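How does the following fold in three dimensions:
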Amino acid sequence: MTIALNLAQIAAESGEVPVGAVIINKSGQLIARAHNQVESPPDPVGHAEILALRAAAKIIGSPRLMQCDLIVTLEPCAMCAQAIAHARIRRLIFGAYNQNNGGVEHGARIFNQLSCHHQPEVIGGVEETAASCLLKAFFITRRQNNN
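Alright, predicted model coming up:
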């Protein structure tokens, strides 16, 4: 989670919502890392999770990441949760809960839907305070700069 938090900080410094993600294999080896890149380049699906999944699939040479864990600083949205299910991620570990736009524990609860054919193990709230503080500070600064 430390690496994901560092990536989230890089995202914030770039003007992106501070979300970072890493993918590790079952041995704990880092396979891929990413942070949000929605604003630059303009990419509506440039979420940290999606970018990390793409990178890991390319490195492994398969769209199925069954022996991999995804660690991300924020509860994934519904789009990212669906991508996680399609990638067959073994375990999802996230930091801050996303009560407004979450797709795992809140909102759409993608993994609980009958149409979802893969449910990873989910562990939420890891380094929740650190992840939440990054997000809150980012949005406070953004609001101040818009006034």
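
Secondary structure element holding I59?
helix 48-60 (DSSP states H and E).

Sort out which residues of that helix are buried, please.
A48, E49, I50, L51, A52, L53, R54, A55, A56, A57, I60 (16 or more other CB atoms under 10 Å). All C-beta spots, glycine's among them, are computed from the backbone N, C-alpha and C.

Can you check the pLDDT for the second one?
What the model reports for E49 is a pLDDT of 98.

What is the neighbour count of the residue nearest to it when sequence neighbours are not counted?
With sequence-adjacent residues excluded and distances taken as CB to CB, 6 or more residues apart in numbering, E49 is closest to C80, at 4.0 Å. The tally of other residues near C80 (other CB atoms under 10 Å) stands at 27.

try L114
5.

What of T73?
31.

Next: R109.
Around R109 there are 14 residues (other CB under 10 Å).

Look up phi and psi at it.
phi 50, psi 60 (degrees, to the nearest 10).

My read is that it contacts S115, right?
No: taking CB atoms under 8 Å as the definition, R109 is not a contact partner of S115, at 11.9 Å.

Helices of this structure, start to end?
Along the chain, counting by DSSP state H, helices occupy 2-13, 48-60, 78-87, 128-146.

CA atoms only: put the longest one into CSV for me.
These are the backbone C-alpha positions of helix 128-146, laid out as CSV (Å, rounded to 0.1, in the frame of the first residue of the first chain):
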residue,chain,number,x,y,z
GLU,A,128,-7.6,4.1,5.2
THR,A,129,-6.6,7.2,7.1
ALA,A,130,-3.6,8.0,4.9
ALA,A,131,-5.6,7.4,1.7
SER,A,132,-8.5,9.5,2.9
CYS,A,133,-6.3,12.4,4.0
LEU,A,134,-4.7,12.5,0.5
LEU,A,135,-8.1,12.7,-1.1
LYS,A,136,-9.5,15.3,1.3
ALA,A,137,-6.4,17.5,1.0
PHE,A,138,-6.6,17.3,-2.8
PHE,A,139,-10.3,18.3,-3.0
ILE,A,140,-9.9,21.1,-0.4
THR,A,141,-7.1,22.6,-2.5
ARG,A,142,-9.1,22.2,-5.7
ARG,A,143,-12.1,24.0,-4.1
GLN,A,144,-9.9,26.8,-2.9
ASN,A,145,-8.3,27.3,-6.3
ASN,A,146,-11.7,27.4,-8.0
